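Asks: need a structure here:
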Amino acid sequence: MSAGAAESLRISARSFVRALWGLDLEVLPLPEVAELRPRRPRFLGTRVWLVNSALRGVPGSFSNYLLAATAHVAAHRAFGFAGARFVVGSLKPAQVAIISLLEDARVERLACERYPGLARLWAPYHEAESQGAKSSGALFARLARALHDDRYEDDDSWVMKARQSFFADRSAWSEPNFLRSLGGRLGNDLGQMRVPFNARDYLVQPAYRDDNTGLWQFEQESWADGTELELEDAQHREPPALADADPQENGAPEPANADASADLERPLALRGKSNAASEAAVRYPEWDYVIRRERAAFCSLWEKPTPAVDAARLDALLARHAPAKRRLERAALRLASHRPIRLRQLTDGDRLDLPAVLESVVARESGVHPDSRVYRRVRFQREPPALLVLLDCSESLNTVPKVGSASILEQARCASALLAQTIGETTRDFAIHGFCSNGRHDVGYFRFKDFDQPYDERARARLAGMRAGLSTRLGSALRHAGRALSARVARRKLLLVVSDGEPSDVDVHDPKYLLFDAKRATQENSTRGVMSFCLGLDSSSESSVRCIFGNGNYVLTDRAERLPELLTRLYLRVAG
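Replies: Predicted coordinates:
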């Protein structure tokens, strides 16, 4: 929609509100932000921000949507508690969202008592049904409809209890404490039901309602006069009411002090550090296979420091692989020598293979059918590829196999060191990185040995200091590693991943979600010229590894003690 047409519709919505309640609202367009998630209207004081174009999946015309949104904001201005805003205090994020929902319903019911036709304006946007998954977002949408539509019946006891409590005492609607008390109880019930609530992913439903920014007052508010619109570039921002509330799960104990609470809101990479360090985050998209779209700037990856320790234990592990190391070094030298290779007895070539020609002539004279492979060709060994070894540093690597005394982590560390020693004499165009994650906002990335750096004592000390823990958000790590490889000036670029092949994270419950995101990341790397292969640490994960990396692009083993030689052999096989 053109800017002029959108402006005309906003003027109509403003006139509509002035005619109903005599309110003069300043209606402005929401600034454009590059994001996947749909936007919601916002109001602060008498200023209202509306979207510039129709939202996908929202019923009716765009003009009706703007009228519904503006009428809802006007209901807050007309029937709110004398312009006062709620205080977050000790409320949990889920309780903040529920209280906001109850307040939305309260002002709309009061508005409909004066103008019954408003119910018909808002009704088409309440599309929630009682069937389906009982996530927090779905339950909130169903409760919104239950409070709007008296004929709606829901099979969930939490929704029906909330509606019964809301309408039990109509006179209590004039008391803000009523909503706070009811919302607090409903939030506690939700926690007892073990229904998770993620404030960062929460989106107010139905779509015409505002994002609740104008309902809440915060101790440290970022607006100079309470009316300045705050938006983040390249990523959606959750309603401040939810962002500034206690980030812990429903029912969890509160932190001992305000500083601890603020620290809990930061990713692990930043705890105990200044906010200036947040500039180190790299945003990556994530593929949602359900909606078949990318969630733009959805994950935050943090480059984290790698502690250096004494590499004596690493030397002891490598000593066990001395014979294999000598064999692999000879193979690596041949790979890096660029010597010409003469291919003989070919059916096609650039010159005759004289010994084969003579044998063919003798065979013909002897009455034997001659061999037609009488050509030869000279080719040169391909130059070694730029190599990045990406180590899965999740908690699963701390497992100690039934056979052997070293953990999978120690064997993976030894494998990386053996590969580095094998090829380190012939090239510096290789890197050893690692990763782990603790939710989509805290994907940690470690550089044990980087490109163009020598594999020296410092690199060995960092590799010896590698630790394992947390989860495996593989897709973001693949994208970051692919970006580093694609920047190399090399004919071939090779990414070797050492992982159990089962992506997982604390904020994802669908086992296929991160699997297909990792597959998508591998495909994206392929378009940049990056070849991806995997050394899988669990033979039972073959289906997952094949899905991510494709047929023939992986090797699986259950024997951790074979990791060092297998990793180097995989590299020599792929690079040769």
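
Asks: which residues touch residue 412?
Replies: By CB atoms under 8 Å, 6 or more residues apart in numbering, residue 412 lies in contact with 391-392, 397, 498, 537, 563. C-beta here means a position set from N, CA and C on the backbone, and glycine is covered the same way.

Asks: can we see that at 6 Å?
Replies: Counting by CB atoms under 6 Å, 6 or more residues apart in numbering, residue 412 touches 391, 498, 563.

Asks: repeat for residue 48
Replies: 25, 27, 73.

Asks: then the one helix or strand it maps to to CSV, C-alphas only?
Replies: According to DSSP states H and E, residue 48 maps onto strand 47-50. Backbone C-alpha positions of strand 47-50 (Å, rounded to 0.1, in the frame of the first residue of the first chain) are rendered in CSV as follows:
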residue,chain,number,x,y,z
ARG,A,47,0.0,9.0,20.6
VAL,A,48,-0.8,5.8,18.6
TRP,A,49,1.4,4.0,16.1
LEU,A,50,-0.3,1.8,13.5
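
Asks: now the contacts of residue 48 in CSV, with secondary structure, neighbour count and pLDDT?
Replies: Formatted as CSV, the contacts of residue 48 follow (DSSP: H, G, I helix; E, B strand; the rest coil; neighbours: other CB atoms under 10 Å; pLDDT from 0 to 100):
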residue, secondary structure, neighbour count, pLDDT
25, coil, 19, 85
27, strand, 24, 85
73, helix, 27, 91
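
Asks: Dump those into CSV; add distance to residue 108 as well.
Replies: Formatted as CSV, those follow (distance: CB to CB, whole Å):
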residue, distance to residue 108
25, 17
27, 19
73, 11
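
Asks: Surely residue 500 touches residue 537?
Replies: Yes: the pair residue 500 and residue 537 qualifies as a contact (CB atoms under 6 Å) at a distance of 4.6 Å.

Asks: So those two - more neighbours on which side?
Replies: Legend: neighbour count by other CB atoms under 10 Å for residue 500 and residue 537, higher for residue 537 (26 against 21).

Asks: From residue 374, how far off is the more buried one?
Replies: 48 Å (CB to CB, to the nearest Å).

Asks: Repeat that for residue 31.
Replies: Distance from residue 31 to residue 374, by CB to CB: 73 Å.

Asks: Model confidence for residue 242, exactly?
Replies: In this model, residue 242 is scored at 44, pLDDT.

Asks: what about residue 114, how many neighbours?
Replies: Counted by other CB under 10 Å, the residues lying close to residue 114 total 12.

Asks: Okay, and the nearest residue to residue 550 once chain neighbours are set aside sits in which element?
Replies: Nearest residue to residue 550 in three dimensions, chain neighbours excluded: residue 522, at 7.7 Å (CB to CB, 6 or more residues apart in numbering). Using DSSP H and E, residue 522 sits within helix 511-527.

Asks: now residue 461
Replies: Residue-wise, residue 461 maps onto helix 457-464 under DSSP H and E.

Asks: Kindly report the same for residue 377.
Replies: strand 375-380.

Asks: What lies in contact with the next helix or strand after that strand?
Replies: On the C-terminal side of strand 375-380, the nearest following helix or strand under DSSP H and E is strand 386-392. Here strand 386-392 makes contact (CB under 6 Å, 6+ apart) with 412, 416, 429-434, 472, 481, 485, 488, 490, 493-499.

Asks: try 7 Å
Replies: 412, 416, 419, 429-435, 472, 477, 481, 484-485, 488, 490, 493-500, 571 (CB atoms under 7 Å, 6 or more residues apart in numbering).

Asks: what stretches of the stretch 1-150 of the chain score poorly on pLDDT?
Replies: Residues of the stretch 1-150 of the chain meeting the criterion pLDDT under 70: 1-3, 32-38, 83, 132-133.

Asks: scratch that, the stretch 151-300 of the chain is what I was asking about
Replies: 218-279.

Asks: ok, now the stretch 451-576 of the chain?
Replies: Judged by pLDDT under 70, the stretches of the stretch 451-576 of the chain that qualify are 560, 576.

Asks: Repeat the analysis, applying 80 as the threshold.
Replies: Along the stretch 451-576 of the chain, the model assigns pLDDT under 80 to residues 538-539, 558-565, 568-576.

Asks: you'd agree residue 200 is in a helix?
Replies: No: using DSSP: H, G, I helix; E, B strand; the rest coil, the assignment for residue 200 is coil, not a helix.

Asks: tally of neighbours for it?
Replies: Neighbour count for residue 200, taken as other CB under 10 Å: 16.

Asks: What residues sit buried inside the helix or strand hosting residue 109?
Replies: Residue 109 belongs to helix 93-114 when assigned by DSSP H and E. By neighbour count on 16 or more other CB atoms under 10 Å, the buried set for helix 93-114 is 93-109, 111-112.

Asks: outside of the following helix or strand past it, which residues touch it?
Replies: For helix 93-114, the following helix or strand on the C-terminal side (DSSP H and E) is helix 117-122. Under the criterion CB under 7 Å, 6+ apart, residues 67-68, 71, 108, 111-112, 148, 208 lie in contact with helix 117-122.

Asks: Now do helix 117-122: distance to the chain's middle.
Replies: 39 Å (CA atoms, centre = their mean, to the nearest Å).

Asks: returning to that earlier point: between residue 31 and residue 374, which has more neighbouring residues?
Replies: Shown here are residue 31 and residue 374; by other CB under 10 Å, residue 374 has more neighbours (21 against 11).

Asks: following the host helix or strand of residue 479, which helix or strand comes up?
Replies: According to DSSP H and E, residue 479 maps onto helix 474-486. Using DSSP H and E, the helix or strand that follows helix 474-486 in sequence is strand 493-499.

Asks: what residues does that following strand touch?
Replies: Outside strand 493-499, the residues that touch it by CB under 7 Å, 6+ apart are 385-392, 412, 415, 472, 474, 481-482, 485-486, 525, 529-537, 567, 570-571, 574-575.

Asks: What of stretch 550-566?
Replies: The contact list for stretch 550-566 (CB under 7 Å, 6+ apart) reads 321, 324, 401, 404, 406, 408, 411-412, 414-415, 418, 532-536, 538-539, 542, 545-546, 570.

Asks: mind running it again at 8 Å?
Replies: Contact partners of stretch 550-566, identified using CB under 8 Å, 6+ apart, comprise 317-318, 321, 324, 328, 401, 403-404, 406-408, 411-412, 414-415, 417-419, 498, 501, 522, 531-539, 541-542, 545-546, 570.

Asks: Quick one: end-to-end length of it, please.
Replies: Stretch 550-566 has an end-to-end distance of 19 Å (CA to CA, to the nearest Å).
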